[in-house]
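>>> Fold the stuff below for me.
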Amino acid sequence: MSMAIDTVIFDLGNVLIAWEPRLLYRKLFDNVDEMEWFLREVCNSAWNEQQDAGRPWAEATAVLRVRFPDYAPLIDAYHLRWVETLGGAMEETVALLEALKARGVRLLALTNWSQETFPIARQLYPFLQWFEGIVVSGEEQLIKPDPRIYRRLLERHAVDPATALYIDDSARNVAAAEALGMHGWWFRGAEGLHRHLLDLGLLDAAMAEASHG
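Below you'll find the predicted structure:
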């Protein structure tokens with residue numbers, strides 16, 4: 001018999017907080033194909049992940065400005081107008097988080113996020129204060145799915161992986177958590193998470209219905 005879950009660990013981006021660079025760059029490009037090229041070849045995911053791993057934004061944008069001088073203002077915008085890449089709180093998931101909080105479930109977060117931009121999120125989203133602790137990749141100089149960042153959270157907060165549920169919108173990040181003994185849930189929407197939390201007994205039906213409705 002598996003042990004009961006007493007701790008829920010959330011990823012943040014596109015689980016509780018919507019994030020999409022196109023929200024910014026649709027304002028800056030007239031041509032959609034050029035925008036997609038820019039986000040694929042210039043300010044791409046691999047480049048952005050290095051900021052999540054702790055690289056300073058000033059260094060990151062300087063590297064690209066040398067390679068793509070014609071796009072210098074657009075490269076700088078990724079950092080200077082970063083707040084415009086945020087799509088706001090994902091209210092249905094936040095409601096489930098609130099229901100877990102009301103139930104007394106221990107809440108932690110593990111996020112791939114730049115240490116320079118995460119303070120902005122803290123100011124914008126009061127529900128981040130509901131977490132007992134948040135491990136931010138940029139502060140740790142490690143990014144998911146590196147098992148070391150999961151171990152850091154587990155050790156820092158004395159979490160038994162056998163009694164922890166880890167939620168992330170990246171399947172590979174979920175797999176990394178499961179490899180360390182945690183229960184994993186690949187997030188693809190609040191409805192599926194709602195049902196899963198009910199199945200695990202982390203929410204009672206009345207509380208879950210109130211939060212989800």
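
>>> Low-confidence regions, the chain specifically.
Within the chain, the segments meeting pLDDT under 70 span 1-2, 205-213.

>>> And the helices in this protein?
With DSSP state H, the ranges of helices along the chain come out as 22-28, 32-41, 45-52, 57-67, 72-80, 91-103, 118-124, 137-140, 147-156, 171-179, 190-199, 205-212.

>>> Format the ones you listed as JSON lines; extra columns: distance to Thr7.
(Glycine included, C-beta is placed from N, CA and C.) Conversion of the helices of the chain to JSON lines gives the following (distance: least, C-beta to C-beta, whole Å):
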{"stretch": "helix 22-28", "distance to Thr7": "32"}
{"stretch": "helix 32-41", "distance to Thr7": "36"}
{"stretch": "helix 45-52", "distance to Thr7": "24"}
{"stretch": "helix 57-67", "distance to Thr7": "33"}
{"stretch": "helix 72-80", "distance to Thr7": "34"}
{"stretch": "helix 91-103", "distance to Thr7": "10"}
{"stretch": "helix 118-124", "distance to Thr7": "21"}
{"stretch": "helix 137-140", "distance to Thr7": "19"}
{"stretch": "helix 147-156", "distance to Thr7": "10"}
{"stretch": "helix 171-179", "distance to Thr7": "12"}
{"stretch": "helix 190-199", "distance to Thr7": "13"}
{"stretch": "helix 205-212", "distance to Thr7": "18"}
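
>>> how does the protein divide into domains?
For the chain, automatic domain parsing gives the domain ranges 7-16+90-212, 20-85.

>>> now, of those domains, which is deepest in the fold?
Compared across the domains of the chain, domain 7-16+90-212 shows the largest average neighbour count, a mean of 18 (mean count of other C-beta atoms under 10 Å).

>>> Could you tell me how far that one lies from the centre of the chain?
Relative to its parent chain, domain 7-16+90-212 has a centroid offset of 8 Å by C-alpha atoms, centre = their mean, to the nearest Å.

>>> Ok, stretch 70-87 next?
19 Å.

>>> Not counting its own residues, what contacts it?
The contact list for stretch 70-87 (C-beta atoms under 8 Å, 6 or more residues apart in numbering) reads 17-21, 23-25, 27-29, 38, 42-43, 48, 57, 60-61, 64-65, 68, 116-117, 120-121, 124.

>>> Great, nothing more from me.
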